[in-house]
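Novice: fold the following for me, if possible:
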Amino acid sequence: MIYIKNKEEIALMKKAGQITKGALQKAIEAVRPGVKTIELDRIAEEFIRKCNATPSFFRYNGFPMHICVSVNEEVVHGIPGEYVIQEGDIVSIDCGACYKGYHGDCADTAFAGAVSEEARRLVEATKESFFLGLKQAVAGNRVGDISETIQTFIEGKGYSIVRDLEGHGIGANLHEGPSVPNFGRAGKGSKLMPGMTIAVEPMVNLGKYDVYQDATDNWTIRTLDGSLSAHYENTILITDGEPVILTTL
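Specialist: I've put the predicted structure just below:
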């Protein structure tokens, strides 16, 4: 179901977004060789709770930690643990915070030390695709306008868009309508209206778009061909004019 937010709800979502982005930034800044992924989880949780918010992901559908940390061929939903980050890793961090009943959700991919040029270009293209899609997030357009823009750009770079996962509406629920795929056709999907809040999150693979869920933890999503994957996300408010990124400092 799609919910249109009023001014009071939007104000709470802006605060939730600010906290979420702050936690994500703290975790991203801590990415370096020798650091365990569970330490990134601790840093983000501590920041969120100090801001009088709660981590949105903790125990959500049984997820055991506070943020998602996905390394290299891990696409999303990686569980922070004892893995020690290595030189050259790319580390995707997905973070959510709930403030007074409203959620923020954002993600970014960081470099651990010196990474390959191939990895760097993948991460940069993933972020660029988000901002191209953002330009389509205006009232009167449809979700498909965002989706096609992202897909066209990514595939034009020779990469692939993950098709088994997508962005989503967000508000009092971490996931609500509409679905926001990163592939599709312009003019299709839900119509964008002022007061809608959505999480747009390109997930881009260096190789093919096929993925699978790790049977060991039943959470981590990996590329089927073992290729690198990058992730970038922000929570967006649809307005009467230009879209507003709510997950910003």
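Novice: so which residues of this structure form helices?
Specialist: For the chain, the helices defined by DSSP state H cover 7-29, 37-50, 117-134, 143-156.
Novice: any chance of those in a markdown table, with mean pLDDT too?
Specialist: Converted to a markdown table, the helices of the chain look like this (pLDDT from 0 to 100):
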| stretch | mean pLDDT |
| --- | --- |
| helix 7-29 | 98 |
| helix 37-50 | 98 |
| helix 117-134 | 98 |
| helix 143-156 | 98 |
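Novice: in CSV, list the ones you listed along with distance to residue 66 and mean neighbour count.
Specialist: Where you see a C-beta, it was placed from the backbone N, CA and C, and this is true even at glycine. Formatted as CSV, the helices of the chain follow (distance: least, CB to CB, whole Å; neighbours: other CB atoms under 10 Å):
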stretch, distance to residue 66, mean neighbour count
helix 7-29, 9, 21
helix 37-50, 4, 20
helix 117-134, 23, 19
helix 143-156, 28, 22
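Novice: relative to residue 220, which of these is closest?
Specialist: Between residue 220 and these, the shortest separation by CB to CB is 11.3 Å, and it involves helix 37-50.
Novice: so which bits of stretch 97-106 are buried?
Specialist: Within stretch 97-106, the residues scored as buried using 16 or more other CB atoms under 10 Å are 97-99, 102-106.
Novice: so which of these are in strands?
Specialist: If you go by DSSP state E, the buried residues of stretch 97-106 have 97-99, 102-106 in strands.
Novice: which of the residues you listed sits closest to residue 85?
Specialist: The closest of those, once distances to residue 85 are taken by CB to CB, is residue 106, at 20.4 Å.
Novice: nearest spatial neighbour of that closest one, skipping sequence neighbours?
Specialist: Nearest residue to residue 106, sequence neighbours excluded (CB to CB, 6 or more residues apart in numbering): residue 247, at 3.8 Å.
Novice: any idea how far residue 39 is from the one you found?
Specialist: The gap separating residue 247 from residue 39 is 22 Å, by CB to CB, to the nearest Å.
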